[in-house]
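Novice: fold the following, please.
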Amino acid sequence: MDRLRAYEIFATVVSTGGFARAAEALNTSPANVTRYVSELEAYLGTRLLNRTSRRVSLTEGGQALYERSKSILDDVAETEALVSAATLRPQGRLRVNAPLSFGVLHLAPLWPRFLDRYPAVELDVALFDRVVDIVDEGFDLAIRISRAGSTTHIARRLAVSRNIVCASPGYLARHGTPMVPDDLRGHACVGYTYASTGDEWHLLDAVGVDHAVKVNYVMLTNNGDTARAAAIAGRGIIWQPTFLIGEDLRQGRLVPLLPGFRMPDIDVQAIFPSRRHLSAKVRVMIDFLAEAFAGVPPWDRPG
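Specialist: Below you'll find the predicted structure:
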């Protein structure tokens, strides 16, 4: 009996929930799966699985073996990956998810450079603003813009973006310029649907004290570009990250407000499932993006 193969088959039966599904996953026959599990039980001298017509469940010994088998199989896979071509040479399909506006403005210009550097990698880029489950949806890497990392995956910070409260010169000429957070109560504001604080804006003063103010929304949108366009057209005050409005601030289309107060910064992060079995294509993509955004990120650079 090939014991490593037996452990693999046993673990697959458990993870898939049955002999037939394990056979399908392993591209073998149910009879072969049954034979391996039976031989493993005979070799160990204990029953590993309770079988019924509808399902299988682990015995106490089976549970202990399953946990250890998974660890052994992961170690074997990691050892094989260390010397495999896929690990040593960036190649194959690389699925990347990123927020829409950030992806268009700051990632799209980078992809040709990445492909020139790694021609054996095939990029598959999906842009949308909802938070994806990178494992369930089959992504190798996700770019997220957040104040917090992932609780379930590994996060590497690539850059920082400032959040700026701002409005157009035309709006300010008509309605006046707010100087402190409480002044916002008397102004029209354009809100972002995904903001965790809703219509309550939080600003920090010079010593870090949080000033919360409930604002009046005349418009709400789930897209930062839409909020930006409304503000430039003079419809109200917005807060948006500099990766989106940096050029508008430089050109004077939008004017920063509330001197002496700031919103918390947000991180641009690369999210990936695990440091174990990290393929070369994912590793070089993370390093490439960290290099591209090193120092002062492009959205905050002058000129």
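Novice: CA atoms for contacts and neighbours, from now on please.
Specialist: Will do.
Novice: what segments of the stretch 1-150 of the chain are strands?
Specialist: Assigned by DSSP state E, counting those that start in this stretch, the strands in the stretch 1-150 of the chain fall at 49-51, 56-58, 92-98, 121-127, 141-146.
Novice: any chance of these in TSV, with mean pLDDT, distance to residue 241 and mean neighbour count too?
Specialist: Rendered in TSV, the data for the strands of the stretch 1-150 of the chain read as follows (pLDDT from 0 to 100; distance: least, CA to CA, whole Å; neighbours: other CA atoms under 10 Å):
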stretch	mean pLDDT	distance to residue 241	mean neighbour count
strand 49-51	86	54	15
strand 56-58	86	51	16
strand 92-98	93	15	19
strand 121-127	94	18	16
strand 141-146	90	10	22
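Novice: how about the ones you listed in CSV, adding distance to residue 247?
Specialist: CSV is the format used below for these (distance: least, CA to CA, whole Å):
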stretch, distance to residue 247
strand 49-51, 63
strand 56-58, 60
strand 92-98, 21
strand 121-127, 22
strand 141-146, 19
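Novice: any weak-confidence spans in this structure?
Specialist: Filtered on pLDDT under 70, the chain yields the residue ranges 53, 77-88, 147-153, 274-277, 303.
Novice: domains for it, by residue range?
Specialist: With domains defined by automatic domain parsing, the chain comprises 3-83, 86-159+266-300, 163-256.
Novice: isn't residue 255 right up against residue 170?
Specialist: No: counting by CA atoms under 8 Å, residue 255 stays clear of residue 170, with 10.1 Å between them.
Novice: where do the contact lists of these two overlap?
Specialist: Between them, residue 255 and residue 170 share no contacting residue under CA atoms under 8 Å, 6 or more residues apart in numbering.
Novice: ok, the nearest residue in space to residue 299 that is not next to it in sequence to residue 177 distance?
Specialist: Nearest-residue entry for residue 299: residue 243, 4.8 Å, with adjacent residues in sequence omitted and distances by CA to CA, 6 or more residues apart in numbering. Going from residue 243 to residue 177 by CA to CA, to the nearest Å gives 24 Å.
Novice: separation between the nearest residue to residue 63 once chain neighbours are set aside and residue 37?
Specialist: Counting by CA to CA, 6+ apart, residue 48 is the residue found nearest to residue 63 once chain neighbours are left out, at 7.7 Å. Residue 48 sits 8 Å away from residue 37, going by CA to CA.
Novice: check residue 222 too.
Specialist: As defined by CA to CA, residue 222 lies at a distance of 52 Å from residue 37.
Novice: out of those two, name the residue with the larger neighbour count.
Specialist: The neighbour count for residue 222 versus residue 37, taken as other CA atoms under 10 Å, is higher for residue 37 (22 against 14).
Novice: next, count neighbours for the nearest residue to that one once chain neighbours are set aside.
Specialist: Closest residue to residue 37 apart from its sequence neighbours, by CA to CA, 6+ apart: residue 10 at 6.0 Å. Using other CA under 10 Å, residue 10 is surrounded by 28 other residues.
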